[in-house]
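**Q** no sequence on this one, just coordinates:
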C-alpha cells in the first residue's frame, strides 16, 4: 500500500534543516517538505491551503481560528521563539526614557497590528509597566523596506484602536529616525540602529539582562510560531504523533550537537566566547532550552492567548488545550 503523501512548509532554521533535507523522515508518510526565504511566505502559502502541515505565527493561527472555516489545529511544536524586550525601539528625541513613557505615543509596528512580537510586547508593557495599547496610536508597515498590507489574512481592528497602514513606498525605519513616530515594535531591527544613527535606540539598552530577569521571574521563553495541521488530518493521531516526533528529533539533534560541542569549546563556530554564553544559557534554561510539548509550554502559550484576547484580536479567551490536537495533549 502506498504511503500517504503530505506537504509540509517550514522555515529553514538549523533545527528544521534535517526535515528539509530528508535526513529526519516523518514515519509512515511520504512528506514533501518545503522552505521559503521569508517566513511569512510559508504563512501565506499555508493560509492559501498549499500545505497540510505548516509553521504559522501564533497570531496568524489565531486569526484563522476565528474564521468560519477554522482550518487548522495546533501541534505543540514551536520552531521560532525569542525574548522580545529587545524588539522595542525609540526615537531619542521623543522623551521616552522608560517604558511608562510610551503611554499616549505614536508607535510603529511591523507588518500588521498584532504581529507576534507586538502581541508579546504590548502584553508585557501592560502587565509590568501599565502601558495600555488603547492609549497609543499605531502605524503599520515595513520596517526597512515598504510592505503592503497582508490582504491574504484576516486583519481584525480592535475597537478603540487608532490604527493606520503606512503610505506606499514609506518605511517605519525612516519615520522613526525622522521623529514621525516615537517608537517602534518590530521583529526586524531598524536599519538606523544597525548603522549607528544617534536618533534611534532600544527602549531597553541592557535587554539581555532584562530578558534574563523576565525568564527568571516568569519561566516564559516566548514562542512566536507553532506548527499547524490541516483540520481534516487532525483525527489521525498516528500521523500527528509522527509529525511531532520528527520535529522533536530534528531539534534534538541540534541541541545535542551544541551540548557535545561544549567539550571542544565549540571550535566549529566563528563566534568568540560562544561557549561562555552557552554555559550561562544552560544554567538558566536547562539542557532542553528550546522545549516542545504542552507541559513545558502551557504557561507561555496561555499567556500569549490571553494577550491576544485582551488586545482585541481573538473573539474568545482560549487555552492551550483548546487549540492543540487532542492526540498530543499528553506531550
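**A** Perfect, thanks for sending it. Keep in mind that this is a model prediction, so the values were computed, not measured. Numbers count the residues shown, from 1 in each chain.

**Q** in terms of helices and strands, where is the closest residue to residue 156 other than its chain neighbours?
**A** Computed as CB to CB, 6 or more residues apart in numbering, the closest residue to residue 156 that is not its neighbour in sequence is residue 313, at 5.5 Å. From N, CA and C alone the C-beta is placed, and that goes for glycine too. Of the helices and strands defined by DSSP states H and E, none includes residue 313.

**Q** also residue 210?
**A** Residue-wise, residue 210 maps onto helix 207-218 under DSSP H and E.

**Q** from the rest of the structure, what touches that helix?
**A** For helix 207-218, contacts defined as CB atoms under 8 Å, 6 or more residues apart in numbering pick out 83, 85-86, 124, 204, 220-221, 284-285, 299.

**Q** run the last query once more with 7 Å
**A** Identification of contacts with helix 207-218 by CB atoms under 7 Å, 6 or more residues apart in numbering yields 83, 85-86, 204, 221, 284.

**Q** same question for stretch 183-191.
**A** Residues contacting stretch 183-191 (CB under 7 Å, 6+ apart): 87-90, 94, 96, 102, 105, 107-110, 115, 117-118, 121, 143-144, 172-173, 176, 200, 203.

**Q** quick one: end-to-end length of stretch 191-208, please.
**A** 20 Å (CA to CA, to the nearest Å).

**Q** which helix runs longest in this protein?
**A** helix 237-261 (DSSP state H).

**Q** so how far is the helix or strand just after that one from its chain's centroid?
**A** Heading C-terminal from helix 237-261, the first helix or strand you meet, by DSSP H and E, is helix 274-285. Distance of helix 274-285 from the chain centroid (CA atoms, centre = their mean, to the nearest Å) equals 22 Å.

**Q** equivalent analysis for stretch 116-131, please.
**A** Worked out by CA atoms, centre = their mean, stretch 116-131 lies 14 Å from the chain centre.

**Q** what comes up buried for it?
**A** Along stretch 116-131, these residues count as buried under the neighbour rule (16 or more other CB atoms under 10 Å): 116-126, 131.

**Q** ok so, going back, and the pLDDT at the residue nearest to residue 156?
**A** As predicted, residue 313 sits at a pLDDT of 96.

**Q** residues contacting it?
**A** 59, 62, 114, 156, 158.

**Q** ok, the closest residue to the third one other than its chain neighbours to residue 72 distance?
**A** To tie it back to what came earlier, the one meant is residue 114. In space, not counting the residues next to it along the chain, residue 114 is nearest to residue 313; the distance is 4.8 Å by CB to CB, 6+ apart. Note on residue 313: its distance to residue 72, by CB to CB, to the nearest Å, is 16 Å.

**Q** and for residue 199?
**A** For residue 199, the distance to residue 72 - CB to CB - is 42 Å.

**Q** one more: residue 322?
**A** Applying CB to CB to residue 322 and residue 72 gives a distance of 13 Å.

**Q** who has more neighbours, these two?
**A** residue 72 (27 against 12; other CB atoms under 10 Å).

**Q** hmm, residue 66 and that one touching each other?
**A** No. Using CB atoms under 7 Å, residue 72 is not in contact with residue 66, being 11.5 Å away.

**Q** regarding residue 53, what are the backbone dihedral angles?
**A** Main-chain torsions, residue 53, degrees, to the nearest 10: phi -130, psi 130.

**Q** least trustworthy helix or strand in this protein by mean pLDDT?
**A** The helix or strand of the chain with the lowest confidence, counting by mean pLDDT, DSSP states H and E, is strand 162-165 at a mean of 92.

**Q** so what's the residue count around residue 11?
**A** Residues lying near residue 11 (other CB under 10 Å) number 19.

**Q** check residue 254 too.
**A** Counted with other CB under 10 Å, residue 254 comes out at 16.

**Q** which strands and helices lie in contact with the longest helix of the chain?
**A** helix 17-21, strand 72-75, strand 225-230 (3 or more CB pairs under 7 Å, 6 or more residues apart in numbering; DSSP states H and E).

**Q** those helices in this structure, which residues are they?
**A** 17-21, 39-47, 58-65, 116-129, 172-178, 191-194, 207-218, 237-261, 274-285, 298-310, 320-323.

**Q** turn these into TSV, columns for mean pLDDT and distance to residue 150.
**A** Output for these, formatted as TSV (pLDDT from 0 to 100; distance: least, CB to CB, whole Å):
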stretch	mean pLDDT	distance to residue 150
helix 17-21	98	25
helix 39-47	97	8
helix 58-65	98	9
helix 116-129	98	13
helix 172-178	98	15
helix 191-194	98	22
helix 207-218	98	28
helix 237-261	97	26
helix 274-285	96	32
helix 298-310	98	17
helix 320-323	98	21
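
**Q** deepest of the ones you listed, which one?
**A** When you average the neighbours per residue for each of those (mean count of other CB atoms under 10 Å), helix 58-65 leads with a mean of 24.
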